[in-house]
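1. How does the following fold in three dimensions:
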Amino acid sequence: MDNNVIKTGSYTEFKSQLDQELKKVTEGFVKIGYLLKVARDTNVLEESGYQTVAEFAKAEYGLSKDVVSRYIAINDRYSENGYSDRLQDKYNAYGVAKLQEMLTLPDTVLESIPPEMTRSRIQEVKKEIHQEELISDLEVMMEEKNEMQAEMENDLQKFMRQYFYENKEEYAAIHKAIKKEDAKQNFVEEILDVMAPSGIDAKMVRVPGTGRLMMSIQGAEQDIILINIRSNEKETYTWSDIGQAVLSMCQDENVKKEWEKIYKEPFEEQEKKQEVAPVQPERKQDKQATNSLNDRPDDKSDDNQEAAGTGDNQDNKEDETQKIPGQMKVEDYPELMPDKEQMEAILERKEDALFAAEVAYSNLKFKMEKKDYDAALTYAKKVVRWLEMAIKEGD
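-> Numbers count the residues shown, from 1 in each chain. Have a look, this model is predicted:
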């Protein structure tokens, strides 16, 4: 353990300071994109001799055309009015890594992704949306519809039926919960505990003849948002609406019969398994929107620009990194131990550090080719520092 580490102030104070620094990092990306757009759209480069912003960025900073495009796309999507050096306030809590992941999401989906959602979960949402895009409208029209689904009035009912058909343990748990004497008072809590124990999630199902539906859950105090991925239409439902839809479904004997046809098992057998239900993780209520904790080394002035890029070559295997003997571990400070969601966010920092190391390495090679050895040495040190941080964040 490093005896020179000094803990000052409370965790809340520490977290607030870190959030402010991460906000500066994100704002830096937006401003860089703005400046590149100015170079693209004005004659500011005229006296430099460069013909295009891509040529300028490559020669002066070693930035590829793809990286320049990504900076500009970030500014287009997230800056105020789509052309300014200021980040929209609603994106302050996401962090650069998540904002890059969300660049290609439809507006309705983007607006329904809470800042607490992990980067890996956002990637899963993107994958499912892409899969739906590969299916034509004609193919959807020709899909065989479930008779009960066809009789349903709205997408909420369709979503609930399909979701609980695909998640039999959750359906059995909900079915068991409504039998409790206080079900009417606590039914919303029961649904949330079963579907989204952390209080935050995006659930996806695919309904034959309709396409993929996404349900955005952002705690018991926020209404549910349901999005039809194909039509890009968004509907808002209260938790009372959800409760009524689930209650109606659980009380419909035809639903249970349909469930038994799917799983070839008496429903009562699955319901008995809920007698000893696994302990659900504690749900976080009234959780403030925070950044993803993908923080940087202390020297941020130059390094912030290095971490931009396409992110296409990220290594997502966070738990396969090496460990440094004798390294200080967070377990040594139980008062600072994060919960599961915070830990997932912390792990994202490793991805960012690895990516920054890759960009710094590219700059190192570029400076070597230019025989600018002083600058090359600076970038070599940065490669080492970023790699050290990636290894530490992997522990």
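
2. OK, contacts around L87?
-> Applying Cβ atoms under 8 Å, 6 or more residues apart in numbering, one finds that L87 lies in contact with 23, 26-27, 30, 78-80. C-betas here are computed from N, CA, C, even on glycine.

3. Least confident of the residues you listed?
-> Lowest pLDDT of these: K23, 74.

4. one step back: Produce a PyMOL select command limited to the buried residues of the contacts of L87.
-> Buried members of the contacts of L87, defined by 16 or more other Cβ atoms under 10 Å, are picked up in PyMOL with:
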select buried, resi 23+26+27+30+78+79
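
5. any idea which of the contacts of L87 is closest to G62?
-> V30 (20.8 Å; Cβ to Cβ).

6. Quick check: that closest one vs Y91, distance?
-> Plainly put, V30 is 9 Å away from Y91 if you go by Cβ to Cβ, to the nearest Å.

7. Select from the contacts of L87 every entry located in helices.
-> 23, 26-27, 30, 78 (DSSP state H).

8. In three-state terms, label the closest residue to I200 other than its chain neighbours for me.
-> Nearest residue to I200, sequence neighbours excluded (Cβ to Cβ, 6 or more residues apart in numbering): E116, at 4.7 Å. What DSSP: H, G, I helix; E, B strand; the rest coil gives for E116 is coil.

9. Count the residues that sit near E116.
-> If you count neighbours by other Cβ atoms under 10 Å, E116 ends up with 24.

10. got the phi/psi numbers for it?
-> Note on E116: its backbone torsions stand at phi -80, psi -20 [degrees, to the nearest 10].

11. Pretty sure it sits against D201.
-> No. Counting by Cβ atoms under 8 Å, E116 does not reach D201; the two are 9.6 Å apart.

12. Which element, helix or strand, includes D241?
-> D241 belongs to helix 239-250 when elements are defined using DSSP states H and E.

13. From the rest of the structure, what touches the next helix or strand after that helix?
-> Downstream of helix 239-250, the next assigned helix or strand under DSSP H and E is helix 253-263. For helix 253-263, the external contacting residues (Cβ under 8 Å, 6+ apart) are 146, 148, 161, 164-165, 168, 171, 249, 266-267, 270.

14. By neighbour count, sort out the buried ones in the residues you listed.
-> Judged by 16+ other Cβ under 10 Å, buried ones among the contacts of helix 253-263: 146, 148, 161, 164-165, 168, 171, 249, 267, 270.

15. Return the member of those nearest to E139.
-> N146 (16.8 Å).

16. any weak-confidence spans in the stretch 51-200 of the chain?
-> 146-153, 179-186 (pLDDT under 70).

17. which residues in it form helices?
-> 53-61, 65-78, 96-101, 107-110, 119-133, 137-142, 147-150, 155-166, 168-177, 183-195 (DSSP state H, counting those that start in this stretch).

18. Out of those, which one sits most buried?
-> Stretch with highest mean neighbour count among the helices of the stretch 51-200 of the chain: helix 96-101 (a mean of 23; mean count of other Cβ atoms under 10 Å).

19. where does that helix sit relative to the chain's centre, distance-wise?
-> On the basis of Cα atoms, centre = their mean, to the nearest Å, helix 96-101 sits 8 Å off its chain's mean C-alpha point.

20. packing partners for that helix?
-> helix 11-41, helix 65-78, helix 119-133, helix 340-369 (3 or more Cβ pairs under 8 Å, 6 or more residues apart in numbering; DSSP states H and E).

21. Just the buried residues of stretch 197-215, please?
-> The neighbour-count check on stretch 197-215 (16+ other Cβ under 10 Å) flags 197-207, 210-215 as buried.

22. For it, measure first residue to last.
-> 15 Å (Cα to Cα, to the nearest Å).

23. Now find how far off-centre it is within its chain.
-> With Cα atoms, centre = their mean, you get 15 Å for stretch 197-215.

24. what do you get for stretch 378-393?
-> 25 Å.

25. Make residue 1 into 5 and carry on from there
-> Got it, first residue is 5 now, which makes that one stretch 382-397.

26. rewinding a little: could you export the buried ones among the contacts of helix 257-267 to CSV, including columns for distance to E237?
-> Formatted as CSV, these follow (distance: Cβ to Cβ, whole Å):
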residue, distance to E237
N150, 21
M152, 22
R165, 19
F168, 23
Y169, 23
K172, 29
Y175, 26
M253, 22
F271, 34
Q274, 34
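
27. which one among the residues you listed gets closest to I182?
-> Nearest to I182, judged by Cβ to Cβ, of those is M253 at 10.0 Å.

28. Next, work out how far apart the closest residue to E174 other than its chain neighbours and E64 are.
-> Residue nearest to E174 in three dimensions, not counting chain neighbours: V198, with 5.0 Å by Cβ to Cβ, 6+ apart. Distance, V198 to E64, by Cβ to Cβ: 55 Å.

29. what number of residues lie near Y267?
-> 12.

30. per-residue confidence for it?
-> Reported pLDDT for Y267: 78.

31. Where does the prediction get shaky in the stretch 255-399 of the chain?
-> Along the stretch 255-399 of the chain, the model assigns pLDDT under 70 to residues 275-357, 359, 397-399.

32. at 80 what do you get?
-> 255-256, 258-260, 262-364, 366-367, 370-371, 373-376, 378-379, 382-383, 389-390, 392-399 (pLDDT under 80).

33. Please export the C-alpha coordinates of the helix holding D245 as CSV.
-> Below are the C-alpha coordinates for helix 243-254, written out as CSV (Å, rounded to 0.1, in the frame of the first residue of the first chain):
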residue,chain,number,x,y,z
TRP,A,243,-46.1,3.0,-13.5
SER,A,244,-49.8,2.6,-12.9
ASP,A,245,-50.2,1.7,-16.6
ILE,A,246,-47.5,-0.8,-16.2
GLY,A,247,-49.0,-2.3,-13.1
GLN,A,248,-52.4,-2.7,-14.8
ALA,A,249,-50.9,-4.3,-17.9
VAL,A,250,-48.9,-6.8,-15.8
LEU,A,251,-51.8,-7.5,-13.4
SER,A,252,-54.2,-8.1,-16.3
MET,A,253,-51.6,-10.5,-17.9
CYS,A,254,-51.0,-12.4,-14.7
